Structures are given as structure tokens and as C-alpha cells.
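*Asks:* fold the following and give me the result.
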Amino acid sequence: MQHIISRRAALGLGLATAADVAWPGRAGADQSSAANRIIRIGVLTDMAGTYSALTGQGSVLGAQLAIDDFSRLHPGIKVELLSADMQLKPDVALSIAGDWFDAQGVDLLTDLPLSSAAIAVGEMAKAKDKLAIFTGAASSILTGERCGPNHLHWAYDTWSVPHAIVESTVKEGGDTWFFITADYAFGQQLERDSAGFVTRAGGKVLGSTRYPFPGTTDFSSFLLSAKASGAKVIGLANGGVDSENCVKQAAEFGIMAGGQRVVGVGLLLNDILSIGLPAAQGVRLAEPYYWDLNDGTRAFGRRFQARSVGHAMPNSAQAGQYSAVSHYLKAVAAMGPEKAKVSGRATLAQMREIPVEDVIFGKSTIREDGRVIHPMYLFEAKSPAQSKQTWDLVRLQDTIPADRAFRPINEGGCPMIHA
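*Replies:* Numbering: from 1, shown residues only. Here you go, the predicted structure:
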């Protein structure tokens, strides 16, 4: 099985491929000793599936930009990058992760845009004392009952995103909901967290329907069930291409024109572009990063866009890769690569000792449960007339400060947190 992206695609992004890396043990003791001082980062992502536009090569690029910046400041510390397509299959993800940790000398594994796979890789990182930082996976269970001492959850999760969206929607009159849910860990948790916010705000969940993931492309029966429920709001507990198809097909069925509101609680910026503003206008989404928030986010966005496939702007998962890898490498510099390679747990402890601040999320905090907290932003998709350029897609509606943006630490059920 070919795990590394093609050499042509990698070179287009300025990335290392398997052929560029001298692995330990290949050329004698001297090279092996030198290799033991090389930091290796693996981006395990979705290159061609449902979440490829939201993570994929954009996540790889986010990590590479962080390495580029670090290498300019610390030319004496060598960092190498690997990437692989997990094909949205947990068994494939575990196979690659095991090989990377055991045979390829990978010290940090990132992205994992499939929550069920992230849960398993988190357990593997714990068993092998490696480090994993999840930027693509979203299930809040990763810092709840499946938290662990060897992984962090960066960017967003299934609590923070609906928290920013659902309460405001209920307060504006959208007090009855029906969910269309991807039937796996992420979708199920997203529905549970979202439904909790509906009832907490005084609304009511009228029902839900679940569809097989991955592979579903026709959502007509699920949308018709949602329409027939009479719910004021149809909540999409899914993401990526699935969310896009649901919104597009809902518009075709005249659901929004009929007065029901469609809320994609898993939507990211790329989805709005793919759906198109004629269908997406008025749709809400929540992210901790948007390229046009301030001077820092604009500078990073344009830098990313100049090197990205299709000149795409980064979403918060891809920008989160830059943030996470940058902070990890600060810890490596502080403790030295030899010590960082010995223990992922010790490296995570060093990451907590260093203030977390960057142009992506501003100031962040790494909590004891592994959740990285920072502000979240509520956006609404613009109308076509309001958009001035291709990536001018949303307008800011509200800012949720860091202390309210994520689930309180005592409510997650993380076994590492003692009451």
C-alpha cells in the first residue's frame, strides 16, 4: 500500500517524500545516530474523500509552513515531514500510524480527520509514548472520556462549534430541530452535543435520521423526512462534501424557500465556496480562524493561498496545523530534539510550559484534559451581492471568548481530571 502522497504533488508543495528521508539503520551507525536527532512529523489525512478539501493537502501545507518558519530560526534542528492518505478507514489509519511510530521514527502524528481513527491513534500514542495532535478530528470525546496523556485536541470540536451556532439560532426563533446525522463517531457526537444545546436553550428536538458513512451521496429521503417533521431548523450533523450535498439538495427541494432553516453545524469555510453563495447565503458556521479577521490572519491566509492547490484560503483545520506544529516545535527547541524524541508525554508537558500564541488563534491555553482553548467566532454566509472577491464569503456575527467557547473541563468526563 502506498502511504505517501505522490512525489510530484509533494514537490509542488515543497514537501519531503519517502525518497528524501534517510531512515535509521539504512546506512550505518553514523547515519542512524544522526537520524535519532531528526524530528519527524507525520500528517495522516484525507487526500481524496469526503474531507479532502477541508484537510488533505491543505493540512500538509499548514504543517510545512510551520516547519519552514521554525527552520529559519533553528537551522541546527532538522525536521522532516511525511504525509499519507488514511482513506477514511480506521484500520488503514492504525496501520500507517503503527508503521510511522515503530519503523519510520515519527515523533508527532497530526490531523486525523476521522474521529473513530483519532480515538484509536490516541490510545496507540499513549501505549508507545508518542505524541498526537488532532486538528481534523472533531469529536469532543477526545478530551472527554477518551482523553489521554499523549494527545491534544487543537482548533475546534463538536462542543465548541454547535455551542456558537445553536444557542443563537434558538434565541432567534429556531426552537424545533430535526437532525440529519452521519452514522459514525463524529456525526453521533455532533448530534448529541448540538441537541444538548437545543434543549438547554429552551428548544425541542423533534427527531433525527442517520445515514451510512462514508459513501452516501443522495440525501433526498433524509431531507424529505426532515421536511415532513415540521421542524423549524434542520441540523446537519456531518461535514465536508456530505454537508455541501445536503445544503445543495435542500435548496433544490425548496426547503429553505419554504421557511425551514438548514444549519450545518459541521460546515467550514471551504464548504461555503463549494456550495456557492446563492444556495449558502444566510447559512451559519463557527470557526476559530478566518483569513480576513485581522492583519495577522490575512497575512497567513495570503501566504498559504500562494502555495495551495487551486489557490485556496485555509480553513481553521488547515491553519490549525500551522498553529499546532509551530507550538510543538517550540517545545522541541526548548528541550532539545534528543529529549523530545524520547517521550511524547514529556514533550506535551513542555508544550504546556510555553505560552501558546500565534497569528492563527491569538492566545490559547492547553488544558489538563488536552483541549486547547481560544476564542470561537460565529459567521454567516454573505449574499452574492455582498461578496467582493472569491474568498469573501462570510461576515462576523459574534465572538465567543475562550473561557466560554469550549466545554467546561469538569463536564467532559476526562478520567485524568480529578474532582
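
*Asks:* how far is stretch 161-169 from where the chain is centred?
*Replies:* On the basis of CA atoms, centre = their mean, to the nearest Å, the separation between the geometric centre of stretch 161-169 and that of its chain is 18 Å.

*Asks:* oops, could you answer that again for stretch 286-297 instead?
*Replies:* What separates the centre of stretch 286-297 from the centre of its chain is 15 Å, taken as CA atoms, centre = their mean.

*Asks:* so where's the chain shaky on pLDDT?
*Replies:* For the chain, the stretches flagged by pLDDT under 70 are 1-36, 419.

*Asks:* in three-state terms, label the one residue sitting closest to the centre of it for me.
*Replies:* Averaging the C-alpha coordinates of the chain gives a centre point, and the residue nearest to it by CA atoms, centre = their mean is Gly136 (2.6 Å). Under the three-state scheme (DSSP: H, G, I helix; E, B strand; the rest coil), Gly136 adopts coil.

*Asks:* can you tell me the closest non-neighbouring residue to it?
*Replies:* Counting by CB to CB, 6 or more residues apart in numbering, Pro113 is the residue found nearest to Gly136 once chain neighbours are left out, at 3.2 Å. Backbone N, C-alpha and C define where each C-beta goes, glycine included.

*Asks:* wait, doesn't that neighbour sit right on Leu54?
*Replies:* Yes: with contact defined as CB atoms under 8 Å, Pro113 reaches Leu54; the gap is 6.9 Å.

*Asks:* now list whatever residues contact both of those two.
*Replies:* Overlap of the contact sets of Pro113 and Leu54 (by CB atoms under 8 Å, 6 or more residues apart in numbering) consists of Gly136, Ala317.

*Asks:* next, count neighbours for Ala97.
*Replies:* By other CB atoms under 10 Å, the residues close to Ala97 number 25.

*Asks:* quick one: it and Arg284, what's the gap?
*Replies:* The spacing between Ala97 and Arg284, counted by CB to CB, to the nearest Å, is 35 Å.

*Asks:* same check, this time on Leu393
*Replies:* Summarising the geometry, the distance separating Leu393 from Arg284, computed by CB to CB, is 12 Å.

*Asks:* quick one, which of the two is more surrounded?
*Replies:* Regarding Leu393 and Arg284, a neighbour count based on other CB under 10 Å identifies Leu393 as having more, with 27 against 22.

*Asks:* and that one, what does it touch?
*Replies:* By CB under 8 Å, 6+ apart, the contact list for Leu393 reads Leu269, Ile272, Leu273, Leu277, Ala381, Lys382, Ser387.

*Asks:* among these, which are in strands?
*Replies:* Assignment to strands by DSSP state E places the following of the contacts of Leu393 there: Ala381.

*Asks:* would you mind giving the contacts of Leu393 as TSV with distance to Lys126 and neighbour count added?
*Replies:* Below are those laid out as TSV (distance: CB to CB, whole Å; neighbours: other CB atoms under 10 Å):
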residue	distance to Lys126	neighbour count
Leu269	33	26
Ile272	37	26
Leu273	38	19
Leu277	44	20
Ala381	40	26
Lys382	44	18
Ser387	45	16
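
*Asks:* after the longest helix along the chain comes which helix or strand?
*Replies:* Of all the elements of type helix in the chain, the one with the most residues (DSSP state H) is helix 316-335. Tracing the chain past helix 316-335, the next element assigned as helix or strand by DSSP states H and E is helix 337-342.

*Asks:* tell me what that following helix is packed against?
*Replies:* Using 3 or more CB pairs under 8 Å, 6 or more residues apart in numbering; DSSP states H and E as the contact criterion, the secondary-structure elements in contact with helix 337-342 are strand 39-45, helix 344-353.

*Asks:* in its sheet, what does the next helix or strand after the longest one sit against?
*Replies:* When you say that, I think you mean helix 344-353. Per DSSP H and E, the first helix or strand lying C-terminal to helix 344-353 is strand 356-358. Applying DSSP bridges to the sheet, strand 356-358 is found paired with strand 362-366 (antiparallel).
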